[in-house]
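J.: the following block contains a protein sequence and its predicted model.
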Amino acid sequence: MPLTLRGLVAMPGLDLTVWAGSEALDRPIGWVHVSELTDPTPFLEGGELLLTTGITLGHTDAEQKGYVDGLAAAGVAGLGFGTGLTHDRVPASLVAAAEAAGLPLVEVPRDTPFIAISKAVSRALAADQYAALTSTYEAQQALTRAALGSDGSGALVRELARRLDGWALLFDRAGVLRYAGPTSAGVHAAELSAEIDRLRGVRAPASSAFRVSGDEVVAQSLGSGTRIHGFLVAGRPSFTTTDRHITNTAAALLTLSLEQSQTLDVALKHLRSGLFHLLLAGELSVARRPIRDLWGGPPREPLRVVVAAGSAELRAAVVDLLDGEAAKLREPVFFAEVGDRLAVIVTDERPLLRWLHDLPERLNGLALGVSDQASFSALAAAYRQASRAADAGLRRGAGVLRFADLAADGLLGLVDEDRAQTFADALLGPLLRHDATGRGELVHSLRVWLEHHGQWDPASARLGVHRHTLRHRIRKVEQLLGRGLDAPSVRASLWLALQVQDAENQAGPGDNSVDPAP
């Protein structure tokens, strides 16, 4: 169970005292953050226990109320106020403000260092995560054993309900209830028919979340594409991340059971996808066992993520060829379909990665994006890199594109060319039209001024004009654009637009009103 403020206050040795918000002590603590800022809210995500000694705390009632109201609006779990340094006691006006806002206010005595609280919360969070991973793994084993038994699907549904401490129902493709766990959960069937009909109209696998009779409910279609073989619905008061992993595992196992051996590859595809998302979430310990049992284990670090983009037929061909090549090389590999992309995890500097680089020459129209070197802990970032490189590769006409090469092109390498040109034309349009009349050189003057960081003397010297002339031109730019150039965001947007124009001019005949960069 997540650590709450009530649990933290009850810990021996911390000597914490609650001064306000006692009715909200059951809020879970997501993290501990120490700040002496007058307004720390821009650096908060919600759920934190904020610790402060009140060095910058305002002296007036209004200032302290504003401070507390800001924390409450940011969704912090509570405020820990250290006494014995800046303040001998918790200010009464701060207590009143916290009570009015319903924000738990806890006094931290001088003898209790903030680091002791941070360590206590960190240990509790680590224990909670370990318990969640252990629970997920044990549930996956139990669900697998149930699925392999003589009453496979029925036993699996009952085991899922027991693991969720809730209920689970399995419907066939026609929406007829086949199994319920526990048996009494069948009373929910009539309430679910409309949602099952909605899922039937969506390509499988699809899922939805809603509430029924006070319970949070998750429904999933079982199958692939237009081939739906059934529906799994599970409910409990609220779903944790662990509960969702367990439910997804049950859905994958049921899909295997329902589709039988002739469509085993389709079910395994969904299982791969689920395991890949576990890997993206950093849960290697959970995903390692099924990957090892089914596919020989995950690749070894250091890793590269390769994303294949192209038609469904091309991606299917990659899977067929990849399976055979990996078996021939005896090299561990893990891949999964994610949307309309195929993500492949391989060990860096190994023959299989080099083989993948040559694949677009065999499969015309295939684009491969390759991430930087990564570990499993950085897999999500590597996947994003490879995806962006694959998207850029498609725009450039397929082939292999490494993220490092894409990033070397700067920001423009990551932006769709047509959209970038539309952006530049819209922003610079008034200046281009002005220059086309022969009444000035606003675009060229703006570029030189930006290159010199808005410094008048060096920019005017570079242009060969008096600084007053340059000032007049820049004021004209502001006039035509309807925005001031003092803001860094405006300057950055204009500079990017000018770079797009330069790239367009270098690529072919462009607007002669735009002077080349000096």
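T.: Sure thing, it's come through.
J.: in a strand, residue 145, correct?
T.: No. Using DSSP: H, G, I helix; E, B strand; the rest coil, the secondary structure at residue 145 is helix, not a strand.
J.: distance of it from residue 400?
T.: Distance, residue 145 to residue 400, using Cβ to Cβ, to the nearest Å: 44 Å. Where you see a C-beta, it was placed from the backbone N, CA and C, and this is true even at glycine.
J.: those two: which is more packed in?
T.: In terms of neighbours (other Cβ atoms under 10 Å), residue 400 is the more surrounded of residue 145 and residue 400; the figures are 20 against 12.
J.: so what's the more buried one up against?
T.: Taking Cβ atoms under 8 Å, 6 or more residues apart in numbering as the criterion, residue 400 is in contact with 357, 360, 367-368, 370, 393.
J.: please repeat the previous calculation with a cut-off of 10 Å.
T.: Going by Cβ atoms under 10 Å, 6 or more residues apart in numbering, residue 400 touches 306, 356-361, 366-370, 389-390, 393.
J.: would you write a ChimeraX line that selects the buried entries of these?
T.: Burial among the contacts of residue 400 is assessed by 16 or more other Cβ atoms under 10 Å; the matching ChimeraX selection reads:
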select :306,356,359,360,366,367,368,369,370,389,390,393
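J.: of the contacts of residue 400, which belong to helices?
T.: Judged by DSSP state H, the contacts of residue 400 include 356-361, 389-390, 393 as members of helices.
J.: for the stretch 101-250 of the chain, which spans come out with low pLDDT?
T.: Flagging of the stretch 101-250 of the chain using pLDDT under 70 yields the residue ranges 132, 150, 174, 201, 225-227.
J.: all strands for it, in order.
T.: Using DSSP state E, counting those that start in this stretch, the strands of the stretch 101-250 of the chain run over 105-108, 167-172, 177-181, 207-212, 215-224, 227-236.
J.: got the ones you listed as TSV, with distance to residue 43 columns?
T.: Listed next are these as TSV, based on distance: least, Cβ to Cβ, whole Å:
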stretch	distance to residue 43
strand 105-108	20
strand 167-172	42
strand 177-181	45
strand 207-212	31
strand 215-224	31
strand 227-236	34
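J.: for residue 30, which of those is the nearest?
T.: Among the strands of the stretch 101-250 of the chain, the nearest to residue 30 by Cβ to Cβ is strand 105-108 (15.9 Å).
J.: and the closest one, what does it pack against?
T.: Under the contact definition 3 or more Cβ pairs under 10 Å, 6 or more residues apart in numbering; DSSP states H and E, strand 105-108 sits against helix 5-9, strand 17-20, strand 48-52, strand 78-82, helix 92-101, helix 114-148.
J.: can I get the fourth one in PDB, CA atoms only?
T.: The reference is to strand 78-82. Extracted in PDB, the C-alpha atoms of strand 78-82 (Å, rounded to 0.1, in the frame of the first residue of the first chain):
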ATOM      1  CA  GLY A  78       1.000  18.000   2.700                       C
ATOM      2  CA  LEU A  79       3.400  20.700   4.100                       C
ATOM      3  CA  GLY A  80       6.200  19.800   6.600                       C
ATOM      4  CA  PHE A  81       7.300  22.900   8.500                       C
ATOM      5  CA  GLY A  82      10.700  22.700  10.200                       C
END
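J.: a markdown table for the strands of the stretch 101-250 of the chain, including mean neighbour count and distance to residue 479?
T.: Shown next, in a markdown table, are these (neighbours: other Cβ atoms under 10 Å; distance: least, Cβ to Cβ, whole Å):
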| stretch | mean neighbour count | distance to residue 479 |
| --- | --- | --- |
| strand 105-108 | 22 | 54 |
| strand 167-172 | 23 | 66 |
| strand 177-181 | 20 | 71 |
| strand 207-212 | 13 | 52 |
| strand 215-224 | 22 | 57 |
| strand 227-236 | 23 | 61 |
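J.: pLDDT at the residue sitting nearest the centre point of the chain, what is it?
T.: Central residue of the chain (Cα atoms, centre = their mean): residue 380, 8.3 Å from the mean position. Note on residue 380: pLDDT of 92.
J.: of the contacts of residue 400, closest to residue 466?
T.: Nearest to residue 466 among the contacts of residue 400 is residue 389, at 48.1 Å by Cβ to Cβ.
J.: my read: that closest one touches residue 308, true?
T.: No. Using Cβ atoms under 10 Å, residue 389 is not in contact with residue 308, being 11.2 Å away.
J.: what do these two both touch?
T.: 367-369.
J.: check the gap between the residue nearest to residue 192 when sequence neighbours are not counted and residue 188 for me.
T.: What sits nearest to residue 192 in space, not counting adjacent residues and going by Cβ to Cβ, 6 or more residues apart in numbering, is residue 233, at 5.6 Å. Between residue 233 and residue 188 the computed distance is 8 Å (Cβ to Cβ).
J.: where do the contact lists of the two overlap?
T.: Common neighbours of residue 233 and residue 188, using Cβ under 10 Å, 6+ apart, are 167, 169, 177, 180, 212, 217.
J.: gap between the second one and residue 209?
T.: In this case it means residue 169. For residue 169, the distance to residue 209 - Cβ to Cβ - is 15 Å.
J.: point out where the stretch 251-400 of the chain drops to low pLDDT.
T.: Ranges of the stretch 251-400 of the chain meeting pLDDT under 70: 259-266, 320, 398.
J.: helices along that one, start to end?
T.: Taking DSSP state H, counting those that start in this stretch as the test, the helices found in the stretch 251-400 of the chain are 264-280, 284-295, 312-329, 351-362, 379-395.
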